[in-house]
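here is a sequence together with a model predicted from it:
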Amino acid sequence: MLNVILTGIAVVMLVGAAGIVFFIIFKSDGEKRGYFLLLHMAIMIYFLGHALEITGNSPDAAFTGAKLHFIGGIFIPVLAFFYFCDHCGKKVRAPVRALLLFVPGILTLLGATNDLHHLLFVRYWFAGESVRQLAITPGILYFSIFVYVILSLLFLLASILVRLKRGSQEPGSSGPANSREMREWLQIFLLCVLIILLGQAAYILSIALGVNPHHINIIAFALAFADIIMVLNRRRYGVSRKGIAPAAGIAGIAAGIATGVDGVKFLPLDEAVRRYGLSRREQEVVLAVLQGKASKEIAGELYISPRTVEFHLQSIYRKTGAAGRFALIALFRE
């Protein structure tokens with residue numbers, strides 16, 4: 001009975017992760033979806049392996065699934081860090097990306113290779129009759145997996161805390177709605193990381209104290225719960241452009257464009273969006289341009305880099321046919 005319940009939960013988690021991946025690929029047109037997609041592909045692989053492990057008819061079949069969920073899980077922390085940096089407009093240089101991917105790449109190679117996996121997993125068997133959950137005899141490098149994942153999550157946690165502290169000290173951080181949204185997004189993402197860390201700690205302690213004789217994978221439940229919060233957080237703050245846009249931010253943009261700047265009236269928001277097909281972020285950039293703000297000033301308000309502002313401006317120019325800022329302002333005059 002326990003195995004049936006765990007199998008059902010594993011299948012639900014897998015279907016949910018796969019649904020999110022397909023939604024991002026086919027329905028989301030957000031400009032910052034690349035690392036979010038990669039992160040959820042890793043999560044989907046993790047849950048696929050977990051489901052195969054639970055439903056395996058033999059220890060060898062279950063071990064194949066365990067390898068798959070190990071490969072997906074080892075990349076989750078680093079891809080979560082890349083997603084965090086991308087969302088905050090912080091560019092991760094190629095050498096740093098390569099370095100951060102090196103350790104999970106090596107561990108994946110060891111775990112996936114039959115001739116080398118004994119360094120991580122010496123022996124494996126079903127932990128009990130009521131549940132097909134693998135128990136393993138750890139290899140010499142087995143605990144390096146947990147050390148790497150926990151250290152990576154702690155590094156991500158520290159990065160979020162630093163970003164929150166810096167954000168609260170930046171000029172204008174208490175003013176614009178999008179600054180408040182960024183802080184709230186960071187706080188919720190921080191909660192997601194803490195949930196996963198607590199899941200890791202609970203799993204390790206439950207095995208060490210002998211209160212989890214079937215080796216039930218608590219980490220998978222923690223990851224699923226954190227992922228639900230992460231996806232709702234992403235939709236709430238409009239990162240997925242076809243998702244739910246933040247009402248305060250859109251209302252502010254609509255009021256700014258409709259009321260006008262310095263007494264000059266501009267196109268209503270709905271007409272501008274319908275005419276030019278601007279994304280929410282592009283709407284924010286346009287409003288800032290209409291207010292006469294420079295790229296550096298816009299970047300500070302929107303918590304993105306000046307280079308990203310220029311990228312949005314080029315997209316806006318391409319969509320509207322404007323040759324530059326002055327032409328854009330003239331275009332939006334009624």
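Everything's here; your move.

ranges for the helices of this protein?
2-26, 34-55, 59-87, 94-112, 142-169, 177-208, 218-236, 247-259, 269-276, 280-290, 295-302, 306-320, 325-332 (DSSP state H).

the third one packs against which elements?
In other words, helix 59-87. Packing partners of helix 59-87 (3 or more C-beta pairs under 8 Å, 6 or more residues apart in numbering; DSSP states H and E): helix 34-55, helix 94-112, strand 121-126, strand 134-138, helix 142-169, helix 177-208, helix 218-236. Yep, even glycine has a C-beta here, placed from its N, CA and C like the rest.

export the helices of the chain to CSV and tack on mean neighbour count?
CSV is the format used below for the helices of the chain (neighbours: other C-beta atoms under 10 Å):
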stretch, mean neighbour count
helix 2-26, 16
helix 34-55, 22
helix 59-87, 21
helix 94-112, 15
helix 142-169, 15
helix 177-208, 18
helix 218-236, 20
helix 247-259, 16
helix 269-276, 16
helix 280-290, 24
helix 295-302, 18
helix 306-320, 17
helix 325-332, 16
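
now the ones you listed as CSV including mean pLDDT and distance to I136?
CSV is the format used below for those (pLDDT from 0 to 100; distance: least, C-beta to C-beta, whole Å):
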stretch, mean pLDDT, distance to I136
helix 2-26, 88, 18
helix 34-55, 92, 11
helix 59-87, 90, 8
helix 94-112, 90, 12
helix 142-169, 86, 8
helix 177-208, 85, 10
helix 218-236, 88, 15
helix 247-259, 45, 49
helix 269-276, 67, 55
helix 280-290, 83, 46
helix 295-302, 83, 48
helix 306-320, 86, 45
helix 325-332, 79, 61
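
and those as a markdown table, adding distance to A135?
Converted to a markdown table, these look like this (distance: least, C-beta to C-beta, whole Å):
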| stretch | distance to A135 |
| --- | --- |
| helix 2-26 | 15 |
| helix 34-55 | 12 |
| helix 59-87 | 9 |
| helix 94-112 | 17 |
| helix 142-169 | 12 |
| helix 177-208 | 9 |
| helix 218-236 | 15 |
| helix 247-259 | 50 |
| helix 269-276 | 56 |
| helix 280-290 | 49 |
| helix 295-302 | 50 |
| helix 306-320 | 48 |
| helix 325-332 | 64 |
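
G73 touches Y46, doesn't it?
Yes. Between G73 and Y46 a contact is recorded at 4.8 Å, counting by C-beta atoms under 8 Å.

of the helices of the chain, which is nearest V122?
Among the helices of the chain, helix 142-169 comes nearest to V122, with 8.3 Å by C-beta to C-beta.

quick check: the residue lying closest to I229 once chain neighbours are set aside vs A222, distance?
In space, and not counting its chain neighbours, I229 is closest to C192: 5.4 Å by C-beta to C-beta, 6 or more residues apart in numbering. C192 sits 10 Å away from A222, going by C-beta to C-beta, to the nearest Å.

correct me, but W125 touches A66?
No. Using C-beta under 8 Å, W125 makes no contact with A66, being 11.7 Å away.

which neighbours do the two share?
By C-beta atoms under 8 Å, 6 or more residues apart in numbering, W125 and A66 have these common neighbours: L134.

what would the helices and strands packed on helix 59-87 look like in TSV with distance to F23?
As requested, those are exported to TSV (distance: least, C-beta to C-beta, whole Å):
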stretch	distance to F23
helix 34-55	9
helix 94-112	26
strand 121-126	34
strand 134-138	31
helix 142-169	24
helix 177-208	18
helix 218-236	9
